[in-house]
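K.L.:
need the 3D shape of this:
(chains A and B)
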Amino acid sequence: MKPQKLNTDPYSGTFTTGTETGHAKSSLPSEREIWMEFKHGSDSAFTYIYRQYLQILYNYGRQILNNESLLQDCIQDMFMDIIRNRKNLADVQSIKFYLFTALRHKIFRKLKKEKNTCHNQLDEAMEAGFEIMSSHEAKMINNQLDEDKQRLLNLACDKLTKKQREAILLYYYEGFSYQQIAQIMGMNKVKSVRVLIYRAIDVLHGHLILVKDQLLLFLVSLLAATRF
Amino acid sequence: MQDLFQDEFFIKMVQNPDQETIHYWERWLSKHPERRDEFELARQTVKSMQYKHRYQMPAQDYDDLFIKLRLFKKETDHELSNMYLDRHRRMRHLFLKVAAVITFFLTFLFTVYFLVPYQPDEEDSLALAMVHKEVPPGAKSTFRLSDGTVVRLNAGSKISYPAQFASHVRELSLEGEAYFEVVKDSERPFIIHTGELQTAVLGTSFNVRYLAREENIEVALVSGVVKINDAKGAELLLNPTEMAVYSRNNQILTKKNFDARLVTAWKDNILLFEKATLSDIITQLENWYGVEIEVQLNSPIVGLYSGEYIDKSLEIVLEGIGYASGFQFKIDGKQVRIQN
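P.N.:
Numbers count the residues shown, from 1 in each chain, chains lettered A, B, ... in the order given. Predicted structure coming up:
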C-alpha cells in the first residue's frame, strides 16, 4: 500500500497531490513506440501490452457483459484480430484507449450474434454492471462525516443510467477524455458525451451541496469544541 | 463546483498529475483561495469514484490465454512471411487443376496415371489446441512433452500446455507441484507460469510447487540454471541447491538453500516427513493417497514426526505414524478416522 499523501483536511491544509500511478498511464510517450514495436512483430511489446492491460480490460468488459466465458472469447478474438492484422493497424497514442474501443466493439458484435439465439441473456447482460462505489482508502478526519458523504454519493450513483455510469467511470476512473469516451462508446458527437456526463454530474452535485453544508457545520462544531 | 467536475484538466490533475497540471492548479488555488474547500471536496469526490465490483480473470485462464496468444502470434509471424509462398502455392493449385482437366479430355486411358490430385497442406491448420492434464489426489503421473521434456506431476495438480510448442519458446502453466527434466534447447527457453511467478530455463531439473492452499510459491533447482520473474518484474537467478520462495501475501521473492532429498522425494515415490505436525501429515496423506481423514482426539498430539516411506500402502504408513504418535486409525474405503 502506498502512503497516501492526499491532504484530507480542507480546513488547514495546503494542496499536495497523491503519488499513485495505479492507472491512467495512457499518456506516456513511450506507448506509441511500444505499439510501433508490436506492429513490427516484437514479442516483448506484445507481452508488455498483455501484462499491462489484460486485467483492466477484463474488468471493463465484465461490467458490460455478465458472462465470464463469453467475455473470455471476446478478449481472445480481439487480441487475435489485432495480432493477425498488426501490420495494417493505425498508429495510436494510447494503447489503453485503442484496446477499450476494440473490446467494446467486439462485445457488442458478439452480443448481436447471440441475440438471435437467446433474448433473455442479452437483457440481463445489458442491465447490470458499471456500478459505482465511492470509497476512500485513506482515513478521513471524521469517519462519520465521510461515511455520510459517501452514502449520499452512492445513493446518487444508483440513480444514474447504465450509460451514464459507464461514461462517469471512463471519465473519472479510467482517465479518458471526452473525445476518447465518445469514440469508445460509439457516440458520433463529443458534445453528446459532455451532455451525458453533465447530466450525471448534475444528479451527483445535488447531493454534494447537501454534504458541503454538513461539512461546514461540522467544522464549526469542531472549532467550538477545541476552544472549549 | 460543477465547473471543476467537468474540467478535463482538473480530472487529469486528480488522476494523472504531472508538473504542468500541478503548477496550473496551485496557481488557480492562490487566485481563488475562497474556493479551497470546494476544490478539496471535488478532488476527494473524483478520487473516490470506483467500480463497485472489480473483476479479475482467474490466474489459470490468464496464463493459458497468454500462452495461446503467443503461440497464435508465432503462427501468424510464419504466415505473414509466407504470404508470397502461399500465393505461389495457390497458382500451382490452379495450374494442376487445369492440367488435370486437359489431360482428362485428351487421354482416356492414361488419365488415372497422369492426374496428380492436389492435397492441401495440413501443416497450415493452427495447432492452437491446449492440452489440460489433471492428476487427482492419490495419483501421480509422468509424461513427455512434445520437445521430450519429462514432467512428473504430483497428486492434486493441474498443468496445461500447447499440443505443439511454438518454434521460439516452450511455455506452460501449472497449478500444484511438478518435477521437470527439461530437454536442453538453447533456441527455445522453457517457461513455466505459476500465478504471479514465471520460471524460465534452458535445460535443467527442478521442482515447482504452487498450491492454492499455500502462501508461498516455491521453485527448487536441482541442476542447471533457471531465471525467475515475478509479476512486478523482480528477477532472480538460481544455482543448483538454491530455491526461490515467493510470498504471495507480501509479494516478495527471496532465495534460500534447500534439502534436495526433502523437496524432491515425492517424485521417487518417497513419502517423507521431517518434523511434521499432525495437520501437515494429514494434508499430505490426503493428497498422497486421495483419502479423507477425520480426526477425533481425546488428548491433543503435539509432537513433531519424522519418517520415510518408500512405496508403502496407507495402512502401513498410518501404523508407523500411529505407533510413534499414539493414535489408532480405521480405514473404510476412502474414509479414514484417527482417534486416541
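
K.L.:
can you tell me if the one helix or strand B:Phe5 maps to touches chain A.
P.N.:
Using DSSP states H and E, B:Phe5 falls within helix B:2-6. Yes: contact of helix B:2-6 with chain A (C-beta under 8 Å from any C-beta of the partner chain) involves B:2, B:5-6. C-beta coordinates here come from the backbone N, C-alpha and C atoms, glycine included.

K.L.:
host element of residue 96?
P.N.:
Looking at chain A here, since you left the chain open. helix A:95-115.

K.L.:
wait, chain B was what I had in mind.
P.N.:
Using DSSP H and E, the element containing B:Leu96 is helix B:83-106.

K.L.:
how is chain A carved up into domains?
P.N.:
Per automatic domain parsing, the structural domains of chain A span A:30-127, A:143-227.

K.L.:
can I get those domains in TSV with distance to chain B, mean neighbour count and mean pLDDT?
P.N.:
As requested, the domains of chain A are exported to TSV (distance: least, C-beta to the nearest C-beta, whole Å; neighbours: other C-beta atoms under 10 Å in any protein chain shown; pLDDT from 0 to 100):
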stretch	distance to chain B	mean neighbour count	mean pLDDT
domain A:30-127	4	17	85
domain A:143-227	4	17	76
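
K.L.:
export those domains to CSV and tack on distance to B:Gln164?
P.N.:
As requested, these are exported to CSV (distance: least, C-beta to C-beta, whole Å):
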stretch, distance to B:Gln164
domain A:30-127, 18
domain A:143-227, 37
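
K.L.:
which one of those lies closest to B:Phe143?
P.N.:
Between B:Phe143 and these, the shortest separation by C-beta to C-beta is 26.8 Å, and it involves domain A:30-127.

K.L.:
of the domains of chain A, which approaches B:Phe105 most closely?
P.N.:
Using C-beta to C-beta, those put domain A:30-127 closest to B:Phe105, at 41.4 Å.

K.L.:
look up phi and psi at B:Glu214.
P.N.:
Backbone torsions for B:Glu214, taken as degrees, to the nearest 10, come to phi -100, psi 150.

K.L.:
quick one, strands of chain A?
P.N.:
In chain A, the strands defined using DSSP state E lie at A:132-134.

K.L.:
sorry, slip of the keys, the one I care about is the stretch 151-300 of chain B.
P.N.:
Taking DSSP state E, counting those that start in this stretch to define them, one finds strands in the stretch 151-300 of chain B at B:157-162, B:170-181, B:190-194, B:197-201, B:205-210, B:216-223, B:226-229, B:235-238, B:242-247, B:252-257, B:270-276, B:292-296.

K.L.:
what inclination does the fifth one have with respect to strand B:190-194?
P.N.:
Counting by axes from the mean of the first three to the mean of the last three C-alpha atoms, to 10 degrees, strand B:205-210 points 20 degrees away from the direction of strand B:190-194.

K.L.:
partner strands of strand B:205-210 and their direction?
P.N.:
Strand B:205-210 has the following strand partners under DSSP bridges: strand B:170-181 (antiparallel), strand B:216-223 (antiparallel).

K.L.:
what's the answer for the third one, then?
P.N.:
Strand B:190-194 has its sheet partners listed here by DSSP bridges as strand B:170-181 (parallel), strand B:197-201 (antiparallel).

K.L.:
what angle do the shortest one and strand B:242-247 make?
P.N.:
Counting by the same axes, to 10 degrees, strand B:197-201 points 160 degrees away from the direction of strand B:242-247.

K.L.:
quick check: residues of the stretch 201-340 of chain B near chain A?
P.N.:
Residues of the stretch 201-340 of chain B lying close to chain A by C-beta under 8 Å from any C-beta are B:Ala231.

K.L.:
for chain A, give me its nearest residue in the stretch 201-340 of chain B.
P.N.:
B:Ala231 (7.5 Å; C-beta to the nearest C-beta).
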